[in-house]
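> attaching a predicted model along with its sequence, questions to come.
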Amino acid sequence: MSRSGFSAHRLRATLACYAIVAIPVLLLTVFIYIPVIWAFTKSLYQFEIGGESTFVGLANYKEFLTKDPVAWPSLGHMVFLTLFAVCVRLSIPLVVAKLVLSIPAERWRYIYRIVFLIPIVVPGVAVQLIWSGLIYAENGLVNETLRAVGLDSLVRGWLSDPNTALPAVALIGLPFVGGFEVLIYYAGLSNIPESVNEAARLEGCVGIRKFFLIDIPMVLSQLKLILILTLIGGVQGFQGLFIVTRGGPGFETTVPGLWMYFNAFSFQRMGYACAIGVCLFVLIFGLTVLNMKYFRSTEELEGGR
């Protein structure tokens, strides 16, 4: 092939690659970037769906951060739920994955992976309804168990009592061994080189000591991934609360994402809802940057050495 023919072939291949990449970029632009830019712009206006827009500048942000009586309590609820989720998702699934990996028989390890994978296919709405209708209900599992052991004084409406609603919501999903996290940690633990495990055994580093000194440092990449996803989900999530409590009793389980939804579709304050969304975007972006900068993965630690 001549040099000119080779150059033409290379040019066609390059253009084909750019064309393939252009398609997802176009879809991202239409369905992600443009709506985000629209939200940033409309947060400076006061309007409702189908109505005229009135420019108000930063008034929506000022109201949310200084005047809205629901804003800061809802942020506190969000912080509590997010930190709780971070603690359980960075610990319990990791321990379970280690226990599964420690099973000698490959067949049983495979069976347990399937067992922990099954909950993934259960719709999240169904899980929320089961907890609210069967476990936390007046005659649900928790209250009936308390009655059975003679602790009738502790029986209550767990989701309707202001003192217990938020902790009860946080405990939905107990024992917190979701299949996604278990499989992610299992993959990370199973990819630890056998040479590392043999060296640890020769040095007498086994059991719990090996788990903390060898296993956890080797799965920092997986921990970092789960941490980012948990933070993002905790800040922007509200679907479960909407299904279970709708932010009640009162505003005891309201989070900013749910308050944004109510302002947009119940109160028809679309500009104010956009301002709340922008604030959440800035918070998520800041947390992600901090996580990427200060939480180093295994590959980054090895590269630094």
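The structure has been received and is ready for your questions.
> okay, CA-based contacts and neighbour counts for the rest of this
Fine.
> burial count for R107?
Neighbour count for R107, taken as other Cα atoms under 10 Å: 10.
> what residues of the host helix or strand of it count as buried?
For R107, the element it lies in under DSSP states H and E is helix 106-117. Across helix 106-117, burial judged by 16 or more other Cα atoms under 10 Å covers R109, R113, F116, L117.
> show me what contacts the second one?
Looking back up the chat, that one is R113. By Cα atoms under 8 Å, 6 or more residues apart in numbering, R113 lies in contact with V100, G179, L183.
> I'd like to know which elements the following helix or strand past the helix holding R107 is packed against.
For helix 106-117, the following helix or strand on the C-terminal side (DSSP H and E) is helix 124-130. Applying 3 or more Cα pairs under 8 Å, 6 or more residues apart in numbering; DSSP states H and E, one finds that helix 124-130 makes contact with helix 239-244.
> show me what secondary structure element comes after the helix it packs on.
Moving toward the C-terminus from helix 239-244, the next helix or strand (DSSP H and E) is helix 256-265.
> what's that following helix in contact with?
With contact meaning Cα under 8 Å, 6+ apart, helix 256-265 is reached by 71, 74-75, 78, 235-239, 241-242, 246-247, 269-274, 276-277, 280.
> what subset of those is buried?
Of the contacts of helix 256-265, these count as buried by 16+ other Cα under 10 Å: 71, 74-75, 78, 235-238, 241-242, 246-247, 269-274, 276-277, 280.
> list the ones among these that fall in helices.
Taking DSSP state H as the definition of helices, the buried ones among the contacts of helix 256-265 contribute 71, 74-75, 78, 235-236, 241-242, 270-274, 276-277, 280.
> filter the contacts of R113 down to the buried ones and hand me the ChimeraX line.
Buried residues among these (16+ other Cα under 10 Å), as a ChimeraX selection:
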select :100,179,183
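> closest to I20 among the contacts of R113?
Comparing the contacts of R113 against I20 with Cα to Cα places L183 closest, at 31.5 Å.
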